[in-house]
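Enquirer: Provided below are the primary sequence and the corresponding predicted coordinates.
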Amino acid sequence: QLQVVESGGGLVQPGGSLRLSCAASGFTLDYYAIGWFRQAPGKEREGVSCISNSGGSINYADSSVKGRFTISRDNAKNTVYLQMNNLKPEDTAVYYCAASGSGCRRVEGLYNYWGQGTQVTVSS
């Protein structure tokens, strides 16, 4: 079964850090761009960041995550990471990763494989 699986979410205090992982199962991530999306309660899902198969990155939620979130990939481990620092309560959401064979795109429909999401809660 071809899928991506997120992990690393949890409860963290404001100002804390988490590293989310997106691991591929059944295929190699080498040829895919990987996007991170998030959906906060009562809001639509939004793009956070994306990394191309060559390692270039794009921040879709630049104004809110710039300087705090960093996306990276380790193709040897078939995994993409989202390092989140200085977390804020407004970062609370379910975080999803998705694989795109068409490069980094804002359009969710262009992503081939989606994970089930991992909950990130930022609260004191």
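Expert: Looks like it came in fine. Numbering: from 1, shown residues only.

Enquirer: What is the end-to-end distance of stretch 1-20?
Expert: End-to-end distance of stretch 1-20 (Cα to Cα, to the nearest Å): 22 Å.

Enquirer: ok, residues contacting that stretch?
Expert: Stretch 1-20 is contacted by residues 21-27, 34, 36, 81-89, 95-99, 113-124 when judged by Cβ atoms under 8 Å, 6 or more residues apart in numbering. Every residue, glycine included, has its C-beta placed from N, CA and C.

Enquirer: Stretch 103-111 too?
Expert: With contacts defined as Cβ under 8 Å, 6+ apart, stretch 103-111 is touched by 33, 35, 37, 45, 47, 50-53, 56, 58, 60, 98-100, 102.

Enquirer: quick one: contacts for the most centrally placed residue in the chain?
Expert: Nearest residue to the geometric centre of the chain (Cα atoms, centre = their mean): Trp36, 2.6 Å. Contacts for Trp36 (Cβ under 8 Å, 6+ apart) come out as 20, 22, 47-50, 71, 80, 82, 95-97.
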